[in-house]
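Peer 1: Need coordinates for the following:
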Amino acid sequence: MKNKGKRYNEVAKLVDKKAVYELDKAAELVVATAKAKFDETIEVHAKLGVDGRQADQQVRGTVVLPNGTGKEARVVVITKGNLAEAATAAGADFVGAEDLVAKIQGGWTDFDVCITSPDMMGVVGRVARVLGPRGLMPNVKSGTVTMDVARAVKEAKAGKVEYRLDKNNIVHVIAGKASFGQEKLLENIKAIVEAIIKSKPAAAKGIYLRSLSLSSTMGPGIKFQYKI
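Peer 2: As a prediction, this is how the structure comes out:
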């Protein structure tokens, strides 16, 4: 196993690997351990007591972070007519129909969110193989297939993030940047955990939130408890 760098080893000393911290302290520590030369991204990791192999135990949803993600999303909207005008007015970066689909077919994926109206899903389906593996395929559950494209654009620009269960039954969600500081991160973290709690499948049994942790891009994991 490759040894961790000197900087990582130094900041790791601030964290007790066996401890489960109060959320306030965990947020303080994750900022303190983010000492890279760039503004590190902070993530929440939630190990859930579900079986993702079962269709009725999937966990997926969206949450608008109170303080955004620290990065303005580049938003594509594939639609026509009045909805295209509404998307442009709402601040979408790229708006089009078959022309945008053709551009994506050519390999262009320089955007963070793809929104479409239901009537265009047949056209968007042509690039499912391009968008799907990148997590960019529009879907109803994430609110990216909608007639209210203007609202979807505004939410994406305001810091809406999608979360979903991975194959290890863990949800990973961006909570912002280290430069946000403890208080803003706390607000975002609480919004994320509350959203995950509300997404608990009816079929899930036993303890739902098995473990929660925070980490920065280059820092150690920091376990925390959440009081409901």
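Peer 1: From now on I want contacts and neighbour counts done on CA atoms only, so please keep to that.
Peer 2: Fine.
Peer 1: Provide the contact partners of stretch 175-186 at residue level.
Peer 2: Under the criterion CA atoms under 8 Å, 6 or more residues apart in numbering, residues 23-24, 27-28, 30-31, 34, 39-44, 65, 67-70, 188-189, 192, 216 lie in contact with stretch 175-186.
Peer 1: Can I get the buried ones among those as something I can paste into PyMOL?
Peer 2: Here is the PyMOL command that picks out the buried ones among these, judged by 16 or more other CA atoms under 10 Å:
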select buried, resi 23+27+30+31+34+39+40+41+42+43+44+65+67+68+69+70+188+189+192+216
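Peer 1: Looking at the contacts of stretch 175-186, which are in helices?
Peer 2: 23, 24, 27, 28, 30, 31, 188, 189, 192 (DSSP state H).
Peer 1: which ones are touching the fifth one?
Peer 2: Think residue 30. Residue 30 is in contact with 42, 178, 214, 215, 216, 219, 222, counting by CA under 8 Å, 6+ apart.
Peer 1: Roughly how far does it sit from residue 192?
Peer 2: Separation of residue 30 from residue 192 (CA to CA, to the nearest Å): 16 Å.
Peer 1: same question, the first one
Peer 2: Relative to residue 192, residue 23 is positioned 13 Å away (CA to CA).
Peer 1: Mind jotting down where the helices sit in this protein?
Peer 2: Under DSSP H, the chain gives helices at 6-12, 23-32, 81-90, 98-105, 121-124, 128-131, 149-158, 181-198.
Peer 1: okay, those, which one's buried deepest?
Peer 2: helix 149-158 (a mean of 22; mean count of other CA atoms under 10 Å).
Peer 1: What mean pLDDT does that one get?
Peer 2: Mean per-residue pLDDT for helix 149-158: 95.
Peer 1: can you list contacts of that helix?
Peer 2: 64-65, 68, 72-75, 77, 83, 86-87, 89-92, 113, 115-117, 143-144, 146.
Peer 1: and it with helix 81-90, angle?
Peer 2: 30 degrees (axes from the mean of the first three to the mean of the last three CA atoms, to 10 degrees).
Peer 1: Pretty sure residue 33 sits against residue 14.
Peer 2: Yes: counting by CA atoms under 8 Å, residue 33 does reach residue 14; the two are 7.5 Å apart.
Peer 1: Looking only at neighbour counts, state which of those two leads.
Peer 2: residue 33 (26 against 13; other CA atoms under 10 Å).
Peer 1: residues in contact with that one?
Peer 2: 11, 12, 14, 216, 219, 220.
Peer 1: quick one: which of those is nearest residue 165?
Peer 2: Taking CA to CA as the measure, residue 165 lies nearest residue 216 of these, at 19.9 Å.
Peer 1: separation between that closest one and residue 78?
Peer 2: In terms of CA to CA, residue 216 sits 34 Å off from residue 78.
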